[in-house]
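Chemist: build the 3D model from these lines:
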Amino acid sequence: MLSSSPQSIIGLTGTNASGKGAAALFLTEQGYDFYSLSDVLRQSMAEKGIAETRLSFIDIGTQLRQEHGVDVLAKKTLEKIKHRPSKKIVVDSFRHPSEVKLFRAHYPNFILLCIDAPVELRFERAKHRGRAENADSLEQFIHNEKLESSKNLQAQQLQATLALADHTLLNHDNLSDLHQQLQAFL
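Modeler: Next up, the predicted model:
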């Protein structure tokens, strides 16, 4: 499925607690170098002394897009990639269509992979891993997700980003099933 060009770039997008991190880990075990657009947010939050919560990620992302352009996270990540070239790269946390557009402009072989799962299962996974993502109930979890699909062009636009995916994997079973799907994708 992936091109035999000198560089393979897989971007990951998906809903909260769908298994993007597990997919990224699997790909790194297959020899992919890992980058995350969220690392730009983590750095900004650390510099400002802001705790990492789901809502603070959303707020800082919107603030950075307002101050530096809607593709700021992609630009900063591309700069990191440029300084550490690799044949196989996975980039996590695409949450805005402009980020996808910029990567597609730089890498003709860029593939956006969406990982998804039913919302009830994702909420249970988030609780199980010890972080209910600022949500004590399924209703709050769903409400918080809606914040990631804002009509504000400088905020996260997760649903619009998911619509740009070249492929979608449904992670509704166990880790072994997800790994099998990822192996078939590769």
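Chemist: can I assume residue 34 is in contact with residue 28?
Modeler: Yes. Contact criterion CB atoms under 8 Å: residue 34 and residue 28 qualify, at 4.9 Å. Glycine gets a C-beta too; all of them are placed from N, C-alpha and C.
Chemist: do you know the pLDDT at the most centrally placed residue in the chain?
Modeler: Taking CA atoms, centre = their mean as the criterion, residue 93 is the residue nearest the geometric centre of the chain, at 1.7 Å. Among the per-residue scores, residue 93 shows a pLDDT of 93.
Chemist: what does it show for phi and psi?
Modeler: Per-residue torsions, residue 93: phi 80, psi 40 (degrees, to the nearest 10).
Chemist: for it, give me its contacts.
Modeler: By CB atoms under 8 Å, 6 or more residues apart in numbering, the contact set of residue 93 is 12-13, 20, 36-38, 73.
Chemist: now render these as TSV, adding neighbour count, pLDDT and secondary structure.
Modeler: Output for those, formatted as TSV (neighbours: other CB atoms under 10 Å; pLDDT from 0 to 100; DSSP: H, G, I helix; E, B strand; the rest coil):
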residue	neighbour count	pLDDT	secondary structure
12	24	98	strand
13	27	97	strand
20	23	95	helix
36	20	95	strand
37	24	94	coil
38	18	93	helix
73	27	95	helix
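Chemist: just give me the closest of these to residue 56.
Modeler: Closest to residue 56 out of these is residue 38 (11.4 Å), distances taken as CB to CB.
Chemist: spatially, what comes nearest to that closest one if we skip its sequence neighbours?
Modeler: Closest residue to residue 38 apart from its sequence neighbours, by CB to CB, 6 or more residues apart in numbering: residue 93 at 4.2 Å.
Chemist: and the one you found, how far is that from residue 153?
Modeler: Separation of residue 93 from residue 153 (CB to CB, to the nearest Å): 19 Å.
Chemist: and residue 112, bridged to which residues?
Modeler: For residue 112, the residues forming beta bridges with it (DSSP bridges) are residue 11.
Chemist: I figured it was touching residue 162, is that so?
Modeler: No. In this structure, residue 112 is not within contact of residue 162 by CB under 8 Å, at 9.1 Å.
Chemist: common neighbours of these two, please.
Modeler: residue 13.
Chemist: related to what we said a few turns ago, what's the overlap in contacts for residue 34 and residue 28?
Modeler: Both residue 34 and residue 28 are contacted by residue 90, under the criterion CB under 8 Å, 6+ apart.
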